[in-house]
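Q: Provided below for reference: sequence and predicted model.
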Amino acid sequence: MEYKVIPEKMDFTSDVMLPHWAYKKYQLLGDSIIAFCGPLKFDFTKRLNCKSNEKNCQLKDIDMLHFVIEHFDSNIRETVLRQYLLVSVVEEKLLHRIPENGHRIIRLGDDLFDGENLLSTTSINCNLVSNKIHLAIFMEANPGPCFHGLEAYGVDPCELAELVINQYRTEMRRLIEKTWKIEPLHGIG
């Protein structure tokens, strides 16, 4: 799985969710994961999901740590499961870096929370050639009511991005290796 952490700040636009964006922009061919920081500059009239999320309209121009993943071998259900895996990896990495004094990081479905405060937003997009996952984690300590960000915990977004990318890539490699090791049961069926 190809990867890249982009050190420069850039906007998250709808172009990022187009197929082959990683290849066209960074020459990353095949499955890829890219992380970068920047504001959400997305036209919410062109939603990625059928379900309307009113909170997302409040997220424009808020700095976030973005993860954009593209897989060429999965269906919608597998993509949702990979999305959950990505959110779980972020949860695990945050739990190891955030002091417990008053903070309780939990994953509920595909979102991360600290108590009642939302820490992340995520979506998937399926197209004719690939499936894409977007996960964004708020950076400002309190970007708005009911939101919380990495600055409140003193977590460095670039360090977190590297850790999450390495763990996610490892999980994808283990998944492939596990499928290679499966042998048929003889005498059954």
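A: Right, received. Where do you want to start?
Q: Show me where this protein has its strands.
A: Using DSSP state E, the strands found in the chain span residues 2-5, 32-39, 63-71, 105-108, 111-114, 117-118, 120-126, 131-138.
Q: With respect to Ser88, which of those lies nearest?
A: Ser88 lies closest to strand 105-108 among the strands of the chain, at 6.0 Å (Cβ to Cβ). For the C-beta atoms, the positions are set from N, CA and C on the backbone; glycine is no exception.
Q: nearest to Pro157, of the strands of the chain?
A: Distance to Pro157, taken as Cβ to Cβ, is lowest for strand 63-71 among those, at 4.3 Å.
Q: between that closest one and strand 120-126, how many degrees?
A: Going by axes from the mean of the first three to the mean of the last three Cα atoms, to 10 degrees, strand 63-71 is angled at 30 degrees with respect to strand 120-126.
Q: On the strand side of things, show who the spatially most central residue of the chain bridges to.
A: In the chain, the residue lying closest to the centroid (Cα atoms, centre = their mean) is Leu135, at 2.9 Å. Beta-bridge partners for Leu135, by DSSP bridges, are Phe67, Thr122.
Q: neighbours around Asp61, how many?
A: Asp61: 11 surrounding residues under other Cβ atoms under 10 Å.
Q: if I look at it, how far off is Asp111?
A: 20 Å (Cβ to Cβ, to the nearest Å).
Q: Could you list the low-confidence segments of this protein?
A: Applying pLDDT under 70 to the chain flags residues 43-60, 187-189.
Q: Show me what the helix ranked longest in the chain is packed against.
A: Taking DSSP state H as the criterion, the chain has its longest helix at helix 157-181. Using 3 or more Cβ pairs under 8 Å, 6 or more residues apart in numbering; DSSP states H and E as the contact criterion, the neighbours of helix 157-181 among helices and strands are strand 2-5, strand 32-39, strand 63-71, helix 76-95.
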